[in-house]
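*Asks:* I need the structure of the sequence given here:
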Amino acid sequence: MSSFDDISQMFHFEYDKLVNLINSASTQSDLSLHDIVETYYQIMNMSSMITMLKQQLGSNDHKSLFGEIIESEKLISEKFNHIIHPQILQNLEKSIQETTKNLQSNSSEQKSKEEIESDAKLYEELRKKMSTKEFVEQYGKELSDD
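*Replies:* Purely as a prediction, here's the structure:
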């Protein structure tokens, strides 16, 4: 198998993974934090791969692969960056507000051990959501810098 075949095969594998993640993100309004992070990492991975391949392949060298690279670039730009990314950010913000509201409404003077443990889990969940939101916002900042 040639080096080009290896590169092409790797690109197709990563592209299929990207399509599956984007399809999942576009059909589910409540992605898990793990799925959100995995999707963004795949987007960044593919974007890096696209940049590298476009530099190495001339548009006339391997027309079919080059065409697929352009298609994947459009998928990221048009479907993910302009539709899915804003939805994910909006859903995270809404989820953070709901969790914060729940924690604020739980504030009573005397709490049982179970209530304290439940609040601790909510605080941990809130921390993870805020961290993920920060990661998603950083991606958005990178978009606006381009």
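
*Asks:* going forward, measure contacts between C-alpha atoms and count neighbours the same way
*Replies:* OK.

*Asks:* got the contact list for stretch 24-31?
*Replies:* The contact list for stretch 24-31, computed with CA atoms under 8 Å, 6 or more residues apart in numbering, reads Ile36, Thr39, Ile84, Ile88, Asn91.

*Asks:* cutoff 10 Å now
*Replies:* Contacts of stretch 24-31 from elsewhere in the structure, counted by CA atoms under 10 Å, 6 or more residues apart in numbering, are 18-20, 22, 32, 35-37, 39, 79-80, 83-85, 87-88, 91-92, 95.

*Asks:* Filter the residues you listed down to the buried ones and express that as a PyMOL selection.
*Replies:* Selection of the buried residues among these in PyMOL, burial being defined by 16 or more other CA atoms under 10 Å:
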select buried, resi 18+19+22+36+37+39+80+84+85+87+88+91+92+95
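
*Asks:* if you look at the contacts of stretch 24-31, which of them are in helices?
*Replies:* Filtering these for membership in helices, criterion DSSP state H, returns 18-20, 22, 35-37, 39, 85, 87-88, 91-92, 95.

*Asks:* so which of the residues you listed comes closest to Asn106?
*Replies:* Within those, proximity to Asn106 (CA to CA) peaks at Ser95, which comes in at 16.7 Å.

*Asks:* Against Ile36, how distant is the closest residue in space to that closest one that isn't next to it in sequence?
*Replies:* In space, and not counting its chain neighbours, Ser95 is closest to Lys129: 7.8 Å by CA to CA, 6 or more residues apart in numbering. Distance check for Lys129 against Ile36: by CA to CA, to the nearest Å, it reads 10 Å.
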